[in-house]
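Enquirer: predicted coordinates and the sequence they were generated for:
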Amino acid sequence: MPNSDLLPSLLFKINQNQLALEAAIMELTKWVEERGSADVAENVRGALYVIDHNEEFIKMSLAVLMAPD
């Protein structure tokens, strides 16, 4: 398999890892918020917004990269 064939799979796995980290961080954020640190939780949610905002572009780009020629 040429190295160029690995790129779409690599990017897909990186995206999966990113989404898993986002979910884990959101769980921790809920835990922090329940213990009275609403400001911290709000800051974390603001940072996680970037992941959500970019997710659709990443999915579309992966679809293009993985499409057969």
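Expert: Good, I have the coordinates. Numbers count the residues shown, from 1 in each chain.
Enquirer: C-alpha only now, for contacts and for neighbours.
Expert: OK.
Enquirer: not counting sequence-adjacent ones, nearest residue to residue 33?
Expert: residue 41 (5.5 Å; C-alpha to C-alpha, 6 or more residues apart in numbering).
Enquirer: any idea which helix or strand carries the one you found?
Expert: helix 38-66 (DSSP states H and E).
Enquirer: on that earlier part again, distance of the residue nearest to residue 33 relative to residue 53?
Expert: Counting by C-alpha to C-alpha, to the nearest Å, the separation of residue 41 from residue 53 is 18 Å.
Enquirer: next: residue 24.
Expert: For residue 24, the distance to residue 53 equals 18 Å [C-alpha to C-alpha].
Enquirer: ok, residue 68 next?
Expert: 27 Å.
Enquirer: just to check, residue 22 is in contact with residue 47?
Expert: No: applying C-alpha atoms under 8 Å, one finds residue 22 not in contact with residue 47, separated by 10.0 Å.
Enquirer: neighbour count winner among these two?
Expert: residue 22 (18 against 12; other C-alpha atoms under 10 Å).
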